[in-house]
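Trainee: task: produce atomic coordinates for the following.
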Amino acid sequence: MADYLADVKKYDAAADADAVAKIVKHLGIALRNRDSSLVSCTDPKELDRVKANWVAKKLGIADGSKADAAIEKTCKAMEADNTKSRVTFYYLVAKDLGKLASL
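Mentor: Numbering: from 1, shown residues only. Model prediction:
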């Protein structure tokens, strides 16, 4: 848990530990596998899954353009990071959409 929070804090110094913990719990078993614990911004299918499973289902954002904008902004913010942690990625998308409190 501390590793995930430390990674999120690289992008948000005032990261909400409770929100990070909820994302880790939500992702559960996916975090055990290196490949599924990372997000690839160059894979359109991956980004579609993030939009469908995280933004639409979990965060309740049906507006595709809002979702796309948040995902694109997060990809740009994490551009220098070759291993984009799924926890950090989801946290930043939720924060951009103003949904951290509703996790």
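Trainee: excluding chain neighbours, what is closest to the residue nearest to the spatial centre of the chain?
Mentor: In the chain, the C-alpha nearest the mean C-alpha coordinate belongs to Tyr90, at 1.1 Å (C-alpha atoms, centre = their mean). Using C-beta to C-beta, 6 or more residues apart in numbering and skipping the chain neighbours, the partner closest in space to Tyr90 is Ile23 (5.1 Å). Where C-beta positions appear, they are placed from N, C-alpha and C, glycine not excepted.
Trainee: check what pLDDT the one you found gets.
Mentor: On the pLDDT scale, Ile23 is placed at 97.
Trainee: give me the contacts around whichever strand or helix holds Val20.
Mentor: Taking DSSP states H and E as the definition, one finds Val20 inside helix 17-27. The contact list for helix 17-27 (C-beta atoms under 8 Å, 6 or more residues apart in numbering) reads 1, 4-5, 8, 31, 37, 58, 86-87, 90-91, 94, 100, 103.
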